[in-house]
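In: Next one to model:
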Amino acid sequence: MEEINISEDMMNMILKAQRNEITEYYIYSRLSRITKDPGNSKVLKDIGNDELKHYNFWKKYSGKEVKPDRWKIFRFFWIARILGLTFGIKLLEMGEERAQDAYQYIAGTIPEARAIINDEDKHEKELINLLEEEHLQYVGSVVLGLNDALVELTGTLAGLTFALRNTRLIALAGLITGIAASLSMAASEYLSTKSESDHGHALKSSAYTGSAYIITVIFLILPYLLSANYILSLGLTISAAVIIIFVFNYYISVAKDLNFRKRFMEMASISLGVALLSFVIGYFVRIFLGVEI
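Out: Below you'll find the model as predicted:
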């Protein structure tokens, strides 16, 4: 190997890169051993082997053995286990993308680094795209259930809040509406999907749609069950809707490489816009009908 003059700052960067690579080797290796799907297990094993090659490449220049980050291994292992392989791994790879500036700086002194990093990163991205997870195949069904629940129920609850001004009545009416709507959405999704695919796929699609709807209903109605102040309850429900939109869109944007900001703003604008309009309608309906509760 040609003698290269490496500064102290660059050596620290190399050691940091080396530690990242060996850490990610252990993450992928552990996940590959506990993953039941043979295809996914092989993909994870191959990515882990790539990370080990990266580690050995940096080791040539540092001349040192580096220990992995045990906390990072623990953290990302369980993120992938709980939230899904694709999400966990792509979240991990986002950290590698942020390290590209340091890698490019190193490549100014070690030209070989640029070619190896680019080739291996491309290979890893190709491998990650081979991962298959059932719940990501039904994202469209989840979006349908979640979006409908957010738009319909935030609007319904906002309208009922000013029309009824009683948290228990609002919760009762909202819960009945939400359950009926979730069953209707699940049935509609089943009939729609069945016309395009087999019975099993249609059943799963309807289950994902209905589940996403009913879970959203529970979170949106909960404030009305916990507080007697209808204005506070509406505020908490709107906050819950924004949080649900934020968390869901962040998850999907990472797992499926989508634009988070655009999706979040679009979904939040629609849900909050409908809620505001419904609140105004509830006010005028109450005045027009002369209802006092």
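
In: The residue lying closest to R33 once chain neighbours are set aside: which element?
Out: Residue nearest to R33 in three dimensions, not counting chain neighbours: S41, with 7.7 Å by CB to CB, 6 or more residues apart in numbering. To be clear about C-beta, it is placed using only N, CA and C from the backbone, and glycine gets the same treatment. Element membership for S41, per DSSP states H and E: helix 38-62.

In: And V66, by the same measure?
Out: V66 is part of no helix or strand, with elements assigned from DSSP H and E.

In: what about the protein, any weak spots by pLDDT?
Out: By pLDDT under 70, the low-scoring segments of the chain are 1-4, 95-101, 115-141, 144, 195-200, 279, 282-283, 285-293.

In: centroid residue for it?
Out: By CA atoms, centre = their mean, the chain has its centre lying nearest to Y251, at 0.9 Å.

In: ok now do that one, which residues does it touch?
Out: For Y251, the contact set (CB atoms under 8 Å, 6 or more residues apart in numbering) comprises 83, 87.

In: rerun that using 7 Å as the cut-off
Out: F87 (CB atoms under 7 Å, 6 or more residues apart in numbering).

In: go on, D69?
Out: D69 makes contacts with 19, 23, as judged by CB under 7 Å, 6+ apart.

In: again, 8 Å this time
Out: Going by CB under 8 Å, 6+ apart, D69 touches 19-20, 23.

In: What separation do you get for E21 and E189?
Out: Per CB to CB, to the nearest Å, E21 is found 44 Å from E189.

In: How about F76?
Out: Distance of F76 to E189, given as CB to CB: 33 Å.

In: related to what we said a few turns ago, tally up the residues packed near the residue nearest to R33, please.
Out: Other residues near S41 number 15, with proximity taken as other CB atoms under 10 Å.

In: Ok, I14 next?
Out: Residues near I14, counting by other CB under 10 Å, number 26.

In: How much space separates the closest residue to V217 other than its chain neighbours from N166?
Out: Spatially, and ignoring its direct neighbours in sequence, V217 is nearest to G178 (3.4 Å; CB to CB, 6+ apart). Distance, G178 to N166, by CB to CB: 18 Å.

In: who has more neighbours, those two?
Out: For G178 versus N166, neighbours defined as other CB under 10 Å are more numerous around G178 (22 against 16).

In: elements contacting the helix or strand containing that one?
Out: Using DSSP H and E, G178 falls within helix 167-194. Contacts defined by 3 or more CB pairs under 8 Å, 6 or more residues apart in numbering; DSSP states H and E place helix 167-194 against helix 139-164, helix 199-226, helix 230-255.

In: between those helices, which gets nearest to V66?
Out: Counting by CB to CB, V66 lies closest to helix 230-255 out of these; the figure is 27.7 Å.

In: isn't I6 right next to I14, touching?
Out: Yes: counting by CB atoms under 8 Å, I6 touches I14, with 7.2 Å between them.

In: tell me, what's touching the two both at once?
Out: Shared contacts of I6 and I14 (CB under 8 Å, 6+ apart): Y61.
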